[in-house]
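[1] The following comprises the amino acid sequence and a computationally predicted model.
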Amino acid sequence: MTGGEGLLVRLDNVDKVFKRGSEEIHVLGGLNLEIPKGEFLALMGPSGSGKSTLLNLIGGLDRPSQGTIDISGEQIDALSGRRLAAWRARHVGLVFQFYNLIPVLSAQKNVELPLLLTHLSRAQRKKHASTALDIVGLSHRASHFPRTLSGGEQRRVGIARAIVTDPTLLLCDEPTGDLDRKAGDEVLDLLQALNREQGKTIVMVTHDAHAAARASRTLYLNKGQLSLAPLE
């Protein structure tokens with residue numbers, strides 16, 4: 001299977017089953033999804049509907065129980081563990097639900113972390129991290145530690161860390177979940193700018209209709225299936 005022209009992500013007949021002892025929990029069933037290059041897609045649905053599971057499958061953090069996942073012509077579900085890790089480091093930027101910043105590292109050093117897996121020199125890593133921090137408007141906070149940053153600033157450091165490798169896909173799990181409306185809007189402004197001005201393909205899981213309204217398309221996940229509208 002290969003991606004079509006202008007198509008970045010394609011999931012065909014994807015199932016995901018978790019086992020809890022002898023019990024099987026079916027989270028996704030026969031799911032199909034296509035995401036064009038440059039789209040900003042919001043995924044909504046009730047808690048436990050499988051939104052984060054779907055995000056993890058697209059990002060190569062988990063594997064489907066059945067079906068295929070094609071990203072830019074690469075069938076990632078067929079890759080070995082080592083090749084999948086290398087693919088993920090090269091193509092996926094993750095914005096976590098919780099900031100996941102290292103408390104003893106400055107904003108600059110936190111942003112540099114994904115670059116430690118590359119062959120860049122220390123000076124090159126610093127330059128790339130500085131550029132990413134500039135994009136998210138935090139150059140002036142580069143030497144600050146997470147505890148001295150606001151929630152919105154920590155989230156933007158997380159976004160800078162996600163984009164520092166210039167990934168193909170930016171995957172965001174509840175990026176505004178614990179922020180007040182002002183800080184949340186600043187994060188959404190930034191994501192929209194990354195999508196519109198830099199052409200980043202973004203998949204965002206959210207419970208917030210206000211956040212989803214910023215995306216170019218919203219899909220709803222319920223009972224393992226995607227739809228254009230929430231189920232009644």
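    Received the coordinates, thanks.

[2] so who does the closest residue to E74 other than its chain neighbours touch?
    Closest residue to E74 apart from its sequence neighbours, by Cβ to Cβ, 6 or more residues apart in numbering: W87 at 6.5 Å. All C-beta atoms are positioned from the backbone trio N, CA, C, and that covers glycine. Contact partners of W87, counting by Cβ atoms under 8 Å, 6 or more residues apart in numbering, are G60, I71, E74, I76, L79.

[3] any idea how far the closest residue to the last one other than its chain neighbours lies from H207?
    I take that to be L79. Spatial nearest neighbour of L79, excluding adjacent residues (Cβ to Cβ, 6+ apart): W87 at 6.1 Å. Using Cβ to Cβ, to the nearest Å, W87 is found at 29 Å from H207.

[4] Would it be right to say that the residue nearest to L79 lies in a helix?
    Yes: according to DSSP: H, G, I helix; E, B strand; the rest coil, W87 belongs to a helix.

[5] ok, it to L171 distance?
    Distance, W87 to L171, by Cβ to Cβ: 14 Å.

[6] Tell me where the model's unsure across the chain.
    1-5, 231-232 (pLDDT under 70).

[7] biggest helix in it by residues?
    What stands out as the longest helix in the chain, according to DSSP state H, is helix 181-198.

[8] Can you list the buried residues in that one?
    A183, G184, D185, E186, V187, L188, L190, L191, L194, N195 (16 or more other Cβ atoms under 10 Å).
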